[in-house]
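# I'll drop the sequence and a predicted model, then ask my questions.
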Amino acid sequence: MSKIIRRATAGTLESSDVFVTLEPHDSGVEIELDSVVRNQFGPAILKAVEEVLAECGVNSAKVIVVDRGALDCVIRARVETAVERGKGE
Amino acid sequence: MNGKLVQSIREAIALSGLKSGMSISFHHHLRNGDYTLNRVMNEIAAMGIRELTLNASSIFDTHAPLEEHIRNHVVTKINTNYMSAALGHRISEGLMDAPVDFRTHGGRPRDIALGNTPIDVAFIAAPTADCAGNCSGKYGPSACGSLGYAFPDAMYAKKVIVITDNLVPYPMKGWSIPEIYVDYVVEVDAIGNPAGIVSGTTRITRDPVGLIMAETAVKVIQHSGLLQDGFSFQTGAGGASLAAASFLKDVMLRDGIRGSFASGGITGYLVDMLSAGCFESLMDVQCFDLKAVESIRTNPAHQEISAMQYASPAAASAVVDKLDVVILGATEVDTDFNVNVHTDSSGMIMGGSGGHSDTAAGAKLAMIIAPLFRARLPIVTDHVSCISTPGRDIDVLVTQRGVAVNPKNQELMLRLKDAGLPVIPIDELKTMAECITGKPNKPVRSGRTVANVIYRDGTLMDTIQSV
């Protein structure tokens, strides 16, 4: 299990990328999603974020996802990187 | 004695007899640098004139203040060929009661000439004019080159007001639109911002995906059987299309092919091809950059054409019908080769046909060049959100992963296969894209009709619903 102890970001706001911000949170995972393809891929993006957090053992965090049309693999990589940067030793 | 030159835009409007319920028109050669449409609309609103039909050849982001005039019922109907996102999104959200009527660059002059969309007062922003209204876009501080789209307005409107920021002694030399059509002339400080007149898109792409598409596009042209002496060509101003023009130039020079003409919106890349001897002439309805403006001013082989001569199906003949190859863009293409250039994948208005349908109908080879997907959205879908150009007029789709040929053109299919090009069925391109992006949820089309898409022959091609 990993705990998010500091604010951490990964990614960019370029087209086809995603900017992920992780913040410490008291209880549970809270995801804020802003995406240019929300109508087409909103549920798929949330699922990818939740799955990566679960795989990394993060069960409480605030996640802000600003998506510019990133592919699934890009979203997963950005979330994983943000977790690495934000978690305690 | 000079009865035409008046002191202000407001005086010209008053003299023209413009009244509530009438129709006014504008041309779009000053593109996103245009000051004239907003200035005239502000005067009209201040004079208390309402419920006008606005017939503008295109509407750009700089014309976003139109939203206020629509809310106040100064403008209650819009006819146009292209509308960028700033106003387009508001229209999609249901800003207007009456649907916008989208036409093509050929359909607009057709309907003006046939009297289907009569114009009471045309406002022509002219980079140079004399006191009688002889005018041109080739000279002056706001030079834009061709005034092609303004010709039908000048010829058929009941009253014509020329607005210039470069008034020269009568008679001006090298006029495009003659005084015989012009009723009033107004001098203003500036008709537009030269920096906005030059398009931001007229730069060649450096994106490797765009370069691969451009290379493939040129191979398709090479093996189509059309690339020989007398070849004629049109391309848009998108980065990949410009790269294709640049690669095509190399092939034509290497093989010593001397083409006939290039047409449409003209960029510096086509000017370079003219100078290098790839073409005998440029047929220019609109200049996209300063190099094109300089060329149309100085090179007699670079010729100005009117919107009618460019593309009107009502003209006795038109340039688009002499085209061999046109390269066009798309926001979506469906498996029947129908193309959408009016809305984005969420159904919001952000463009329009312009000359898309006209050139696709006229050219022997109509090519769409588009990436497999953009920002996770596959380009190929089962059904486009809006049919701008019908699939029957499209011959081939070029992507970075393969080339899909419309089955109606079996000859082209065989030629490209024989040449070893990566020809694949269009539904395989769709599957390929969805393997990478995932399958998108299609937004449901509901709500009321906010725009009609009218094909170049006047028939209704599709409608656009509110989002």
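Great, that's in hand.

# Could you pull up phi and psi at the closest residue to chain A within chain B?
Closest residue of chain B to chain A, CB to the nearest CB: B:Ala375 (2.6 Å). From N, CA and C alone the C-beta is placed, and that goes for glycine too. Main-chain torsions, B:Ala375, degrees, to the nearest 10: phi 40, psi 50.

# wouldn't it be in contact with A:Val74 here?
No. Using CB atoms under 8 Å, B:Ala375 is not in contact with A:Val74; the gap is 11.1 Å.

# What sits closest to the residue of chain B closest to chain A if chain neighbours are left out?
Among residues not flanking B:Ala375 along the chain, A:Gly69 sits closest, at 2.6 Å (CB to CB, 6 or more residues apart in numbering or on different chains).

# Now do the same contact list for the residue of chain A found nearest chain B.
In chain A, the residue that lies nearest chain B is A:Gly69 (2.6 Å; CB to the nearest CB). The neighbours of A:Gly69, taking CB atoms under 8 Å, 6 or more residues apart in numbering or on different chains as the test, are A:15-16, A:35-37, B:374-377.

# now swap in B:Leu52 and tell me
Here B:Leu52 is in contact with B:20-24, B:44, B:74-77 (criterion: CB under 8 Å, 6+ apart).

# if you average pLDDT over stretch B:285-295, what comes out?
Average pLDDT, stretch B:285-295: 93.

# could you measure B:Leu323 against B:Gly140, distance?
Distance from B:Leu323 to B:Gly140, counting by CB to CB, to the nearest Å: 31 Å.

# distance between the lowest-mean-pLDDT helix or strand in chain B and the chain's centre?
One helix or strand of chain B scores below all others by mean pLDDT, DSSP states H and E: helix B:194-197, with a mean of 80. Taking CA atoms, centre = their mean, to the nearest Å, one finds the center of helix B:194-197 at 17 Å from the center of the full chain.

# who does the helix or strand just after it touch, helix- and strand-wise?
Using DSSP states H and E, the helix or strand that follows helix B:194-197 in sequence is helix B:208-223. Secondary-structure packing of helix B:208-223 (3 or more CB pairs under 8 Å, 6 or more residues apart in numbering or on different chains; DSSP states H and E): helix B:239-255, strand B:365-369, strand B:396-399, helix B:410-418.

# between helix B:208-223 and strand B:365-369, how many degrees?
170 degrees (axes from the mean of the first three to the mean of the last three CA atoms, to 10 degrees).

# what about B:Ala318, how many neighbours?
Neighbourhood size, B:Ala318 [other CB atoms under 10 Å in any protein chain shown]: 24.

# And for B:Lys159?
21.

# now swap in B:Gly145 and tell me
With other CB under 10 Å as criterion, B:Gly145 counts 30.

# ok, A:Ala77 to B:Ser224 distance?
Distance from A:Ala77 to B:Ser224, by CB to CB: 42 Å.

# So which of these two has more stuff around it?
Neighbour count, other CB under 10 Å: between A:Ala77 and B:Ser224, B:Ser224 has more, with 21 against 17.

# Quick check, B:Ala217 in contact with B:Ile368.
No. In this structure B:Ala217 lies outside contact range of B:Ile368 using CB under 8 Å: 9.7 Å.

# Now the common contact residues for those two.
Counting by CB under 8 Å, 6+ apart, the residues touching both B:Ala217 and B:Ile368 are B:Val398.

# Just to be sure, which of the contacts of A:Gly69 are found in helices?
Among those, no residue falls in helices (DSSP state H).

# Widest-spaced pair of those?
Spatially, the most separated pair among the contacts of A:Gly69 is A:Ser35 and B:Arg374, at 14.3 Å (CB to CB).

# So for these two, which residue has more residues nearby?
Remark: of A:Ser35 and B:Arg374, A:Ser35 carries more neighbours, 21 against 18, as counted by other CB under 10 Å.

# excluding its backbone neighbours, what's nearest that one?
A:Asp67 is the one closest to A:Ser35 (CB to CB, 6+ apart), at 3.7 Å.

# residues contacting the one you found?
Contacts of A:Asp67 (CB under 8 Å, 6+ apart): A:18-19, A:33-38, A:45, A:75.

# repeat that for 10 Å
Residues in contact with A:Asp67 (CB atoms under 10 Å, 6 or more residues apart in numbering or on different chains) are A:11, A:13, A:16-20, A:33-38, A:41-42, A:45, A:49, A:74-75, A:78, B:375-376.

# Ok, B:Ile349 next?
B:82-85, B:87-93, B:100, B:102, B:342-343, B:386, B:450-451, B:464, B:467.

# how far away is it from B:Met172?
39 Å.

# Would you mind listing where chain B has pLDDT under the threshold?
In the predicted model of chain B, residues B:1-2, B:198-202, B:445 satisfy pLDDT under 70.

# try chain A
A:89.

# List, one by one, the residues from it near chain B.
Listed as neighbours of chain B in chain A under the rule CB under 10 Å from any CB of the partner chain: A:14-18, A:35-45, A:48, A:67-75.

# Buried members of those residues into ChimeraX, please.
To isolate the buried members of these in ChimeraX, using 16 or more other CB atoms under 10 Å in any protein chain shown:
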select /A:16,17,18,35,36,37,39,40,41,44,45,48,67,68,69,70,71,72,74,75
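
# residue ranges of the helices in the stretch 201-350 of chain B, please?
Taking DSSP state H, counting those that start in this stretch as the criterion, the stretch 201-350 of chain B contains helices spanning B:208-223, B:239-255, B:268-275, B:290-298, B:307-311.

# which of B:Leu323 and B:Gly140 has more neighbours?
Shown here are B:Leu323 and B:Gly140; by other CB under 10 Å, B:Leu323 has more neighbours (28 against 20).
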